[in-house]
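Participant: the following block contains a protein sequence and its predicted model.
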Amino acid sequence: MIQPDPFRQARLAGEQLHPFHGGLRLRHNKKISCETPIEKTALATRYFVPLLQHTGREAEPMVSEGQRVMKGDPVGCFEHLGSGCIHAPTSGTVTAIASHANSHPSGKEGVCIVIKPDGLDQWTELEPIADWQNADPAELITAIRQKGIVGLGGAVFPTGFKVSEASQRGIHTLVLNGSECEPYISCDEMLMREQPDSIVLGARILQKAIGAERTIIAIEDQMGVVNQVLSKAVKRSGADKIDIVKVTTIYPEGGEKQLIQVLTGLEVPSGGRPTDLGILCQNVATATAVARAVTEGKPLIERIVTVTGNGVRRPRNLLAQIGLPIANLIDQCGGYAEGASRLILGGPMMGYALSSDSNPVIKAANCILVMTEDDLRPVQPEMPCIRCGECARVCPAQLLPQSLVWAIRNSLWEETEDLGLGDCIECGCCDFVCPSHIPLVEWFRFGKSSLQAAARERDQAKLARERFESREARLEKLKQERKTRIERKKKALQDRSDKQDEIAAAIQRARSRQDRKS
Amino acid sequence: MSRTFETGGAPHFPPHSSVAGVMLQVIYALMPAIAAHAWFFGPGILVQLILAIAFALGFEALTLKIRKKPVRLFLGDFSAVLTAVLFALCVPPLAPWWIALFGMLFAIVIAKHLYGGLGYNMFNPAMVGYVVVLISFPQAMTAWLPPLSIAQDSLGLLDTMVTIFTGNPPSPLSWDAITQATPLDTLRTGIASGQMISEARQSPVFGDFGGLGWEWIANWYALGGVWLLWRRIINWHVPAAMIGSVLILGTAAWLADPGNNPAPLQHVFSGALIVGAFFIATDPVSGCTSNRGRLVFGAGVGIITLVIRRWGGYPDGVAFAVLLMNMAAPLIDRYTRPRIFGQ
């Protein structure tokens, strides 16, 4: 069910913004990584390309050990979700397909394709769609899918799947998310400064692929020259359906649901997607990846990573290949500063801590943040909740975090669903303001996984019951069949004996006739 | 060479505030009113504060030890100190020392720890302590003083301490000579004896709106409260609903029968209404958590206070009103849940 275009009905976005509930104004700490231009990383001695880069199942390897690969060759693919593939970040030889430290949120090791580069960095044969403006949307979607494009904002949802779903549902507005909102991260800002044309091109391709009427590029109000640079790029492209809207920097405004609310005043329904409102939201970096995939035929093998924090000597943004060990990125930024004590993939609010810098760069890695002991939360004892309600005041999902924690602690699962546990976006605002230092987000993650486990168990029980019932039905059917067969046989026998009786009677009659004659 | 790191859960930023910080700021916000209290009524309040804090910490440490909880951690959260300060501000400055002892016994041991300690108490501990001594020792709880400006005999620090620790004022002073009924009490007795409000208000204990001295203390409470609002320690909902409901209902009653009902501003500036609105009914643990719930809670406290003042057996009713609404808080919370995003 698509709602009518809210813009046409009411107001043009940008003329009126709609604040979302709660949120935090945080210190940005973005400047430190924005002072130098984006730098390319040097070739590494080994690349570790994980087959699992987001939630869900691992990709199937498409290469074997010892095989030579070119830069951009597919090395892994997904069967499910119709998702795109994983590609070789450089040319070289596959030396192993083995378990290695992975930068996945679970913290577990995963299978990686280990590539030893040959130093030539030679592209495979690329097949760009030169005339994308006249291409069939389906062709564009296929290219997006095959080139392994995923959401680069952090959620890494396969873009091909998202776009193909959107193209079927009827989308009026494409929102390009350029508001980073988490402190420290500046990769999107630097991208918009340096490659505005590529973003606009990506926007136009996406708009065509999904058949949207217009595009809004949302940027933060504190991004300085970005607005100007992007506006010029839009003008250069000649596209007239692309607007740039500045939004106030309040965490977590870069969240898809919050951004859509700010721009349109509409709430993505609970359990639904932006497409339910006729909106598709994509990160600006995803748009450039789409542009490159379509017009140059290049798969997603590199991304811009902000390497920052007080624990790094020279913070900056790097263009890093997927599979590059994080240690190489740190080296390129002058190494660790004194007191470096936590390595985080992502931002300080939602990022997850890595246990080693041998972990590879993955598609989700928008930021490598190194915090020092001074920056970090001092280990303070947890106190009981004093019900101050600050958590509810800052919650952008309008939940009651303290009631939720109470319900989870007491295993009141139905209550947690009533209280909207599933609507929690894990932004960490509640955790940040809690005077009792209760690890609320950890409780919510635990609660969600418990609910999922319970649902799985329910499903399995249902499946088992269905299997049992169908087996019973089958046995019953067999029994019935046997019964009817036996009855038929009996009847046949009966019939036969009846016939024999008749014959015997006829013989008898004939005999008696003969007897009478003689 | 690869380097390994300790991991930890997000968010990685250091915490924004602490329980001790919250409690301390509330205590700071009470300082101006405490100073005003000492200015208008002498040093009795300071002695009561020290007594109450000492007993509160003693009981807190003892119960924590019995409950096998970390003593130092919880003593350092300043919640017991805040309870003691709020209690001391409610008792007469010359109340005997054992009033603080009994009050804190009930506040800390029974109202707080028997219900589970910090964060779990259903009732506001300071108000439980106050109501228990008010009901149990009515005589000792009426030893209120007139403001120094109209007092015939005033006690110095030494005399105050003698009075508090021996239970009697030093000779040749007598209780009758040094104490005086509170403005609310005066009004109540006046109305009961058939006086009109305007006649009862002729007594020198009255100031411009409320009681002489008292109204200034109320102003300082309000100032502290505004500071807490600005610091976002409390939300505006409870004070606004509580004072608003008193103003609206008080105005209606006053317009209907000005002879028997005091002016609405007198209600606001008398007794514990302002301190209640900013410091007592805003207690997060025993109050409501949603904003709509806080409006209901505050309005409930205001209405019940007026009802008790008008028809009840006590001149002021804020403490009873707060305790009654504490009982209703879980129910109010249940029915005032905010709408979840996207639902």
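Facilitator: It's in. Numbering: from 1, shown residues only, chains lettered A, B, ... in the order given.
Participant: which helix or which strand is home to the residue of the stretch 51-200 of chain B at minimum distance from chain A?
Facilitator: Nearest residue of the stretch 51-200 of chain B to chain A: B:Gly119, at 3.4 Å (C-beta to the nearest C-beta). Bear in mind the C-beta positions are built from the backbone N, C-alpha and C, glycine included. Assessed by DSSP states H and E, B:Gly119 sits outside every helix and strand.
Participant: gap between the closest residue to it other than its chain neighbours and A:Ala44?
Facilitator: In space, and not counting its chain neighbours, B:Gly119 is closest to A:Pro384: 3.4 Å by C-beta to C-beta, 6 or more residues apart in numbering or on different chains. With distances taken as C-beta to C-beta, to the nearest Å, A:Pro384 is found 49 Å from A:Ala44.
Participant: repeat that for B:Phe206.
Facilitator: With distances taken as C-beta to C-beta, B:Phe206 is found 84 Å from A:Ala44.
Participant: identify the residues contacting residue 60.
Facilitator: In the absence of a named chain, this looks at chain A. Counting by C-beta atoms under 8 Å, 6 or more residues apart in numbering or on different chains, A:Glu60 makes contact with A:51, A:76-79.
Participant: actually it's chain B I care about, not the one you picked
Facilitator: Per C-beta under 8 Å, 6+ apart, neighbours of B:Glu60: B:74-75, B:80, B:108.
Participant: please point out which parts of stretch A:261-276 sit buried.
Facilitator: For stretch A:261-276, the neighbour count (16 or more other C-beta atoms under 10 Å in any protein chain shown) marks A:261-269, A:273-276 as buried.
Participant: so which of those are also by chain B?
Facilitator: A:267-269 (C-beta under 8 Å from any C-beta of the partner chain).
Participant: pretty sure the residue nearest to B:Gly119 is touching A:Ser436, no?
Facilitator: Yes: between A:Pro384 and A:Ser436 there is a contact at 6.3 Å, judged by C-beta atoms under 8 Å.
Participant: and these two? which has more neighbours close in?
Facilitator: A:Ser436 (25 against 17; other C-beta atoms under 10 Å in any protein chain shown).
Participant: distance of that one from B:Gln25?
Facilitator: Applying C-beta to C-beta to A:Ser436 and B:Gln25 gives a distance of 15 Å.
Participant: check A:Gln16 too.
Facilitator: From A:Gln16 across to B:Gln25, the span is 37 Å (C-beta to C-beta).
Participant: those two: who's more crowded?
Facilitator: B:Gln25 (20 against 11).
Participant: name the helices or strands packed onto the helix or strand harbouring that one?
Facilitator: According to DSSP H and E, B:Gln25 maps onto helix B:19-41. Helix B:19-41 sits against helix B:44-66, helix B:79-88, helix B:214-230, with contacts defined as 3 or more C-beta pairs under 8 Å, 6 or more residues apart in numbering or on different chains; DSSP states H and E.
Participant: okay, buried residues for that helix please.
Facilitator: B:19-27, B:29-30, B:32-34, B:36-38, B:40-41.
Participant: one more: stretch B:83-95?
Facilitator: In terms of neighbour count (16+ other C-beta under 10 Å), stretch B:83-95 has its buried residues at B:83-95.
Participant: quote the end-to-end distance of stretch A:74-92.
Facilitator: Using C-alpha to C-alpha, to the nearest Å, the end-to-end distance of stretch A:74-92 comes to 13 Å.
Participant: how about stretch A:33-40?
Facilitator: 15 Å.
Participant: ok now it, how far from the chain's centre?
Facilitator: 27 Å (C-alpha atoms, centre = their mean, to the nearest Å).
Participant: can you tell me which helix in chain A is longest?
Facilitator: helix A:440-517 (DSSP state H).
Participant: picking up where we left off before, is the residue of the stretch 51-200 of chain B closest to chain A in contact with A:Ser436, as I believe?
Facilitator: Yes: using C-beta under 8 Å, B:Gly119 is in contact with A:Ser436, at 7.5 Å.
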